[in-house]
Structure formats: structure tokens, C-alpha cells
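> how does the following fold in three dimensions:
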Amino acid sequence: MTPFELAITPRPEDIDELGHVNNAVWVRWIQDIATAHWLAIADSAHVEAYIWVVVRHEIDYLGNVGPGETVTARTWIEEPPKGARFDRHVAFIGPDGKIKVRAKTTWAIVDRASGRVLRVPKEVAAPFLA
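Numbers count the residues shown, from 1 in each chain. Below is the predicted model:
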């Protein structure tokens, strides 16, 4: 498994009254990196056929990131899906090299045409597990 990475710098509206990235922004960034990973790796036919929805977030806030600091968002999938779901791991590494936020999120796959949750097809999961 090769982690997917993306550099993210907070916008002024991402900073809260405490002077660092707001907790809700981290949740948005978790979705942003997951979506970027999907679009970068998935077959275009799969992108057209399926959509992913979050069913659970487990997030540890370990440090802060302030204005102008760029974090490296890293995501990976350790295990094959279980039915319609799989767990995605995410870590945000600050400019000091320390993990600022880490998360384990559970996603379910939905068929775009029917709107129904379905078992993750092996060919959809394979590129993310290689």
C-alpha cells in the first residue's frame, strides 16, 4: 500500500478564534484527501458508477496548525473492504514533522444509478490495496 499525499495550507476562514485550524476544517480536509485519492487512483468508469459516503469518523486532535503553515495530508487503506465498507486512515503532518491530526474513517460505496449501498467490487478496491 502506497500512501497518497496532498499539501494543504489553511485559508484565513479555516482559522478559528484560538488562532489555529478549526476542528470542523480537519473533517473537511479528511473528505478532501479521500476524494482526491479516489479521483487520482480509481478507474474513470468506477468514478462514474459509484460514490462514497462517510459512515464514521474517529479523529484524534494532537496538535495545532496556524495561519500560513502547510500540512502534508497522507491517506492509505490497510485492509480489504468488508462488504460495502472499508476503513481509510489519514494523518496530517505539520511543518515540524509531527502528526497534528490522525483519523480512521469508514466509508460505504453507493451505486450512483440506484442510490443503493452495495458490496465493494474487488476491481474497485484492488488499486487502493496494491
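
> give the other helices and strands that the longest helix along the chain contacts.
For the chain, the helix with the greatest residue count under DSSP state H is helix 23-41. Under the contact definition 3 or more Cβ pairs under 8 Å, 6 or more residues apart in numbering; DSSP states H and E, helix 23-41 sits against strand 4-8, strand 50-61, strand 71-76, strand 85-93, strand 99-111, helix 122-129. (Each C-beta comes from the backbone N, C-alpha and C, glycine too.)

> any idea which residue sits dead centre in this structure?
Closest residue to the average C-alpha location of the chain: Ala34 at 3.1 Å, with Cα atoms, centre = their mean.

> what pLDDT does that one get?
pLDDT recorded at Ala34 is 97.

> which ones are touching Ile30?
His57, Ile59, Val90, Ala103, Thr105 (Cβ atoms under 8 Å, 6 or more residues apart in numbering).

> distance of it from Phe4?
13 Å (Cβ to Cβ, to the nearest Å).

> likewise Pro67?
26 Å.

> which one's more surrounded, these two?
Phe4 (20 against 13; other Cβ atoms under 10 Å).

> give me the neighbour count for Val47.
That count, for Val47 with other Cβ under 10 Å as the rule, works out to 14.

> could you do the one 3 residues further on as well?
The number of residues packed near Tyr50 is 18, by other Cβ under 10 Å.

> correct me if wrong: it contacts Ile109.
Yes: between Tyr50 and Ile109 there is a contact at 5.2 Å, judged by Cβ atoms under 8 Å.
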